[in-house]
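>>> let me see the structure of the following:
(2 chains, ligands or ions: 1)
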Amino acid sequence: MPVEEPGGKKSVPGGLWTKCEKCNEIIYNKELGKSFKVCPKCGYYFRLTPKQRIKLLLDRGSFRENYANLKPSDPLGFVAVQSYKNKVKQDQKKTGLSEAVISGEGRIGKHKVAIAILDFDFMGGSMASVVGERVTRLIEKAIKKRIPVVIVSSSGGARMQEGVLSLMQMAKTSAALGLLDRGKIPFISILTNPTTGGVSASFAMLGDVIIAEPRALIGFAGPRVIEQTIRQKLPEGFQTSEFLLKHGLIDMIVERKDLKNTIVRILNLFSS
Amino acid sequence: MLAEVEGLDFERPVVQLEKKIEELKNLDVNEKVDFSQEITSLEKKCEKLKKEIFGNLTPWQKVQLARHPQRPYTLDYINLLMSDFVELQGDRGFADDPAMVTGMAKFKEETVVVIGHQKGRTLQENMVRNFGMAHPEGYRKALRTMKLAEKFSIPIISFIDTPGAYPGIGAEERGQAEAIARNLKAMSELEVPIIVVIVGEGGSGGALGIGVGDKVLMLENAIYSVISPEGCASILWRDAAKAPEAAKALKLTAQDLLGLKVIDEIIDEPLGGVHRDIEFVGRHLEKKIKRYLNELKNLSVEELLRKRYQKFRLLGEFIEVQPSRKEKTEIKKEKK
Ligand SMILES: [Zn+2]
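Next comes the predicted model:
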């Protein structure tokens, strides 16, 4: 389950203007901010940082981060062209995050929730020990406090540099969701671009309700791996949110501007 | 296939010497000439050579052994260890997936449900078995039979041997990720003992999709990895030829995984690999499975599930620093 490197594309460079990655339109940053980073011309979804995602989804000032004291180690002493330790440091600096997930508690339209947000800019949002542990602790806390769980995924899969320990996080987080089931506490899974590999093959696809952002890449294997295996070009729109909806794999596709309202409506139904 | 006749590169000297000994033995019988001294000396030489070559295998050599074309597959183990096997087919929704074998059998007088990936021995067989790479219907079939096991309080034995879950168009259309994810959750909650044996290739999510259990055993030369060494090498070294380095870095051998507590026990293989003597492995495996089944049967369902949860809960390594003063105040506030 490889993690594909983000490809060096910055989501939004600093300054007053941003060029759309898809249609090349020059967009005034203020305008982009107002549209939750959706290109006003072509509808392209720029990636949100976890902080921007919190701002989008949570009631103002309600977010309290937890488990920030869990930091990545280097269990295998992994060295490829670049050492794992260096790669972690580099991505910590790039994103300002300690790991590929932020977890915490907050409110969404007055509903208390336990929330985790993965960041693709940190090693491709890959799942490794800290990501698995933060997500699992968050779920366990949600069971104790009897509050719904919301996880926003964006990930290329399991992290190679922690080897099979990354793989085991899939079992660990999924088992925790089993306990959440027994507690009859809802889990809303939000899939954003991209969600593949070990994250999609564990908690991301286990939501009681699964919501995807439009045109996100969602799947088990990455499109390149599939193309190499079957030696043919993939059909247009393959593995997009729209494709998954058509094949019955997700509940709905929701525009970013409507995401919070949709979650609130769902939580209202669960809580009455 | 060359490998079937000649063996892997590194085992070729042994295979060739064994062939020569075999030829001499046949001559001995046919021509009534006594070669016994020469045979004995060659056999000694062969034993020494085996120790030299197989005594200290590199991770990459183990990868090759785990994929050896003569390595026993799931059905070989079922035939060896069990009797009265009845295959159950189909996921009841879409199709039967021959890359996954499921059924019921007797193991030491006791009924078990057995599931496992199944590779093909020949190209024709692999057209059917898809090289042991299951589609979603394979994982769903496995779950269906595991639910059957739970319904009738029958323990489950799962054999893992796959390069990975199949990456293809149909697999994605039918929700490969969902099928695996669902199995991970469901297997953590099944109210019967589950014993997992990694017999060959433990290829990532495709392996784990039937790999959650109370005890995880692994053959000495099997591998279990988050990604194939070739895949890892082509991404992190940008060169698939660096697979031997990746195999070492990924810590995918049974010895490595025992150290990381991902597996509970290593099942010894004969020098050079299980394909040289499956009975040897069969005897060990039978004893171990029996012992663990007895041990697990003594647990209450609550205890069984609690232990299984803890087993996976504790996997992973990270640094837990003391929360900062600000975080501590938050925690205190929360407790009030
Ligand atoms: Zn645009």
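
>>> surely B:M187 and B:V216 touch.
No. With contact defined as C-beta atoms under 8 Å, B:M187 does not count as touching B:V216 (11.6 Å). Bear in mind the C-beta positions are built from the backbone N, C-alpha and C, glycine included.

>>> tell me which of those two has more neighbours.
The neighbour comparison of B:M187 against B:V216 (other C-beta atoms under 10 Å in any protein chain shown) goes to B:M187, with 27 against 24.

>>> roughly how far does the more buried one sit from chain A?
For B:M187, the distance to chain A equals 8 Å [C-beta to the nearest C-beta, to the nearest Å].

>>> excluding its backbone neighbours, what's nearest that residue?
Closest residue in space to B:M187, ignoring its immediate chain neighbours: B:V212 at 3.7 Å, by C-beta to C-beta, 6 or more residues apart in numbering or on different chains.

>>> any idea how far B:Y309 is from the one you found?
With distances taken as C-beta to C-beta, to the nearest Å, B:V212 is found 10 Å from B:Y309.

>>> also A:P214?
Look at A:P214 and B:Y309: by C-beta to C-beta, they are 37 Å apart.

>>> what is the neighbour count of B:R140?
B:R140 has 24 neighbouring residues, counting by other C-beta under 10 Å.

>>> may I ask which helix or strand encompasses it?
For B:R140, the host element (DSSP states H and E) is helix B:136-151.

>>> what angle do the helix or strand just after that helix and helix B:136-151 make?
Next in sequence after helix B:136-151, counting helices and strands by DSSP H and E, comes strand B:156-162. Relative orientation of strand B:156-162 with respect to helix B:136-151: 160 degrees, computed using axes from the mean of the first three to the mean of the last three C-alpha atoms, to 10 degrees.

>>> please see if strand B:156-162 touches chain A.
No. Contact of strand B:156-162 with chain A (C-beta under 8 Å from any C-beta of the partner chain) is absent, the minimum separation being 12.1 Å.

>>> which residues sit against the following helix or strand past that strand?
Moving toward the C-terminus from strand B:156-162, the next helix or strand (DSSP H and E) is helix B:169-173. By C-beta atoms under 8 Å, 6 or more residues apart in numbering or on different chains, the residues outside helix B:169-173 that reach it are A:219-221, A:226, A:230, A:234-235, A:238-239, A:243, A:247, B:135-136, B:165.

>>> rerun that using 10 Å as the cut-off
Outside helix B:169-173, the residues within contact range by C-beta atoms under 10 Å, 6 or more residues apart in numbering or on different chains are A:196, A:218-221, A:223, A:226, A:229-230, A:232, A:234-235, A:238-239, A:243-244, A:246-249, B:94-95, B:133-138, B:165-166, B:176-177, B:179.

>>> just checking, A:Y84 touches A:S126?
No. In terms of C-beta atoms under 10 Å, A:Y84 does not count as a neighbour of A:S126; the distance is 11.3 Å.

>>> which residues do the two both contact?
Taking C-beta under 10 Å, 6+ apart as the contact rule, A:Y84 and A:S126 both touch A:159-162.

>>> between all of the residues you listed, which two are separated the most?
The most widely separated members of those, counting by C-beta to C-beta, are A:M160 and A:E162 (7.7 Å).

>>> ok, the residue lying closest to B:V113 once chain neighbours are set aside to the ion distance?
Counting by C-beta to C-beta, 6+ apart, B:V113 lies nearest to B:A149, which is 3.7 Å off, once chain neighbours are set aside. Look at B:A149 and the ion: by C-beta to the ion, to the nearest Å, they are 53 Å apart.

>>> wait, what's in contact with B:A149?
B:102, B:104, B:111-115, B:155-157, B:190-194.

>>> of those, select the buried ones using a ChimeraX command.
Selection of buried members from those for ChimeraX, criterion 16 or more other C-beta atoms under 10 Å in any protein chain shown:
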select /B:102,104,112,113,114,115,155,156,157,190,192,193,194
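
>>> sorry, back to before: counting neighbours, what do you get for the residue nearest to B:M187?
Using other C-beta under 10 Å, B:V212 has 27 neighbouring residues.

>>> rewinding a little: A:M160 and A:E162: who's more crowded?
Set side by side, A:M160 and A:E162 show more neighbours around A:E162, with 32 against 28, by other C-beta under 10 Å.

>>> name the nearest residue to that one, sequence neighbours excluded.
Closest residue in space to A:E162, ignoring its immediate chain neighbours: A:A128 at 4.2 Å, by C-beta to C-beta, 6+ apart.

>>> got a list of what that neighbour touches?
A:3, A:72-73, A:75, A:84, A:88, A:99-101, A:158-163, A:165-167, A:169, A:198, B:226, B:316-318 are the contacts of A:A128 under C-beta under 10 Å, 6+ apart.

>>> try 6 Å
By C-beta atoms under 6 Å, 6 or more residues apart in numbering or on different chains, A:A128 lies in contact with A:159, A:162, A:166.

>>> among the residues you listed, name the ones in helices.
A:S166 (DSSP state H).

>>> from the contacts of A:A128, pick the one nearest chain B.
For the contacts of A:A128, the residue nearest chain B by C-beta to the nearest C-beta is A:S166; the value is 5.2 Å.

>>> residues near the closest one, how many?
When neighbours are defined as other C-beta under 10 Å, A:S166 has 30 of them.

>>> any idea of the pLDDT on the closest residue to it other than its chain neighbours?
With C-beta to C-beta, 6+ apart as the measure, A:A158 is the residue that lies nearest to A:S166, at 4.0 Å, once sequence neighbours are left out. In this model, A:A158 is scored at 97, pLDDT.
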